[in-house]
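In: 3D, please:
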Amino acid sequence: MLPPAGPAGEWRIMMRLVPAPPRRGEIALVAFGVLASLLVGEAAVRLVSARPGPGGYAPVNTGGRDRGPTNSLGYRDREHTLARRPGVRRLVCLGDSFTWGVGVLFDDTWPPRLERLLAARRGEEWEAVSLAERGLNAVQQASHLESEGLTYEPDVVVLAWVLNDSEDTDAAEARRAEDWLGESRQPPSAPRRLLDHSALFRLVRTRVRATIENRRRVEGYRSMYAPDYPGWQAAQQALRAMGGMCRARGVPLVVAIFPLFGNPLDERYPFGELHEKVAMAAAAGGAHVVDLLPRYRGLRWDLLVVDGANDEHPNEIAHRIAARALVRTIDEVAPRAPGP
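Out: Residues are numbered from 1 along each chain as shown. The predicted structure follows:
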């Protein structure tokens, strides 16, 4: 269809024939804006990273003091005789790395803290015997109680439960092997090493990786408590076995459930239902349950761990809170010795 005759039609024909002005200026302006934004972001990230972040108790470099003492049986504890001294009351403490106290001085872990709190609160001499070892699951803790723990004639047995205590032993070994393979992968390529010089790139990469890893971890822990998961079935049997052993000797069993600190400790905490499952299974076995999650509710998790996301084991503050929660429960389950 031809344009209408006259000035207007001629103008339209001329506009079609005239080439569009180049857009290089617009593209350059947009590119400059993006580059400026990236530079500002890079500077901001470097500035924030240079400031000291929030920190709790983190004795990362303690010259080996955090590992001691080690007794003749290989436990991180003082020496104990099987026979109790007259007038001394005893705790047997079971657990994994949370109880062992990774990154925390021995006297700051919850077993010796609980020992001191009970002595001060009740005017009695108490002795905490720790049989904790890193990496133990519930079945292995039950074996420790049967073979060693009850020979100390305890007044109370305290099991510190961490959510990976239901992990099947074979699955745990496979996971450790997978983690080792992940750490031994090929080094990054040259472009990746170049980008790693950017604090902004490292921040974005870390956040994305953390989001993916957190989702994987949440699903992994939930799978450990599926009804048909062998590790959870064995863990429930172990709780019943520990309850039966203690009940047969008239010894109260206390199960303290620790939260996983690398998560928000408020309504966003993703493992509340798993705490309930453990509490129900422990109570069914005759244990007195102390869910420690309410004790930490609303606190910043990064102030309760040894070294931020690098080490999410509980620090001295978290051990102190756990000991204070447990002393109240032991007051209830272990009546005070009669006076002279």
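In: The stretch 201-340 of the chain: helices as residue ranges?
Out: For the stretch 201-340 of the chain, the helices defined by DSSP state H, counting those that start in this stretch cover 230-248, 272-284, 293-296, 316-333.
In: for the ones you listed, which one sits closest to residue 215?
Out: Set against residue 215 and scored by Cβ to Cβ, the helices of the stretch 201-340 of the chain come closest in helix 272-284, at 15.9 Å. Backbone N, C-alpha and C define where each C-beta goes, glycine included.
In: Can you spell out which helices and strands pack onto the closest one?
Out: When contacts are defined as 3 or more Cβ pairs under 8 Å, 6 or more residues apart in numbering; DSSP states H and E, helix 272-284 packs onto helix 230-248, strand 253-257, strand 288-291.
In: Serialize those to TSV and add fields for mean neighbour count and distance to residue 80.
Out: What follows is those, written out as TSV (neighbours: other Cβ atoms under 10 Å; distance: least, Cβ to Cβ, whole Å):
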stretch	mean neighbour count	distance to residue 80
helix 230-248	19	19
strand 253-257	25	19
strand 288-291	20	24
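In: Skipping its backbone neighbours, what lies nearest residue 272 in space?
Out: Among residues not flanking residue 272 along the chain, residue 293 sits closest, at 7.1 Å (Cβ to Cβ, 6 or more residues apart in numbering).
In: Run through the residues that contact that neighbour.
Out: 257, 259, 265, 269, 272, 275 (Cβ atoms under 8 Å, 6 or more residues apart in numbering).
In: By neighbour count, which of those wins?
Out: residue 259 (25 neighbours; other Cβ atoms under 10 Å).
In: And the strands in the stretch 101-250 of the chain, which stretches?
Out: 125-130, 156-161 (DSSP state E, counting those that start in this stretch).
In: looking at those strands, which is buried most?
Out: Of these, the one with the most neighbours on average (mean count of other Cβ atoms under 10 Å) is strand 156-161, at a mean of 27.
In: export it as PDB, just CAs?
Out: Extracted in PDB, the C-alpha atoms of strand 156-161 (Å, rounded to 0.1, in the frame of the first residue of the first chain):
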ATOM      1  CA  VAL A 156      22.400 -40.400  86.800                       C
ATOM      2  CA  VAL A 157      23.200 -41.100  83.100                       C
ATOM      3  CA  VAL A 158      23.000 -38.200  80.700                       C
ATOM      4  CA  LEU A 159      23.000 -38.800  76.900                       C
ATOM      5  CA  ALA A 160      23.500 -35.800  74.700                       C
ATOM      6  CA  TRP A 161      21.600 -36.400  71.500                       C
END
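In: What are the contacting residues of it?
Out: 90-96, 98-99, 110-111, 114, 132, 138, 141, 145, 149-150, 242, 246, 251-258, 278, 282, 287, 322, 326, 330, 333-334.
In: ranges for the helices of the stretch 1-150 of the chain?
Out: Here the stretch 1-150 of the chain has its helices, by DSSP H, counting those that start in this stretch, at 7-17, 24-50, 97-100, 110-122, 138-147.
In: Can you mark which positions in the fourth one are buried?
Out: When neighbours are counted by 16 or more other Cβ atoms under 10 Å, the buried residues of helix 110-122 are found to be 110, 111, 112, 113, 114, 115, 117, 118, 122.
In: As TSV, those with pLDDT would be great.
Out: TSV is the format used below for the buried residues of helix 110-122 (pLDDT from 0 to 100):
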residue	pLDDT
110	98
111	98
112	97
113	97
114	98
115	97
117	97
118	97
122	94
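In: Burial check on residue 261, number of neighbours?
Out: The number of residues near residue 261, taken as other Cβ under 10 Å, comes to 21.
In: contacting residues for it?
Out: With Cβ under 8 Å, 6+ apart, residue 261 has these contacts: 296, 301, 304, 305, 312, 313, 314, 318.
In: And it, how close does it get to residue 162?
Out: From residue 261 over to residue 162 the distance is 10 Å, taken as Cβ to Cβ, to the nearest Å.
In: again, but for residue 155
Out: Distance from residue 155 to residue 162, by Cβ to Cβ: 24 Å.
In: coming back round to it: what's the farthest-apart pair in the contacts of residue 293?
Out: 257 and 265 (13.3 Å).
In: Quickly, which of the helices of the stretch 1-150 of the chain bottoms out on average pLDDT?
Out: Note on these: helix 7-17 shows the lowest mean pLDDT, a mean of 56.
In: how does the chain divide up, domain by domain?
Out: 65-167+224-333, 170-221 (automatic domain parsing).
In: would you list the ones you listed in CSV and tack on distance to residue 27?
Out: Shown next, in CSV, are these (distance: least, Cβ to Cβ, whole Å):
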stretch, distance to residue 27
domain 65-167+224-333, 40
domain 170-221, 23
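In: contacting residues around residue 142?
Out: 238, 239, 241, 242, 245 are the contacts of residue 142 under Cβ under 8 Å, 6+ apart.
In: my guess is the fourth one meets residue 281, correct?
Out: No - Residue 242 is beyond contact range of residue 281, at 11.0 Å (criterion: Cβ atoms under 8 Å).
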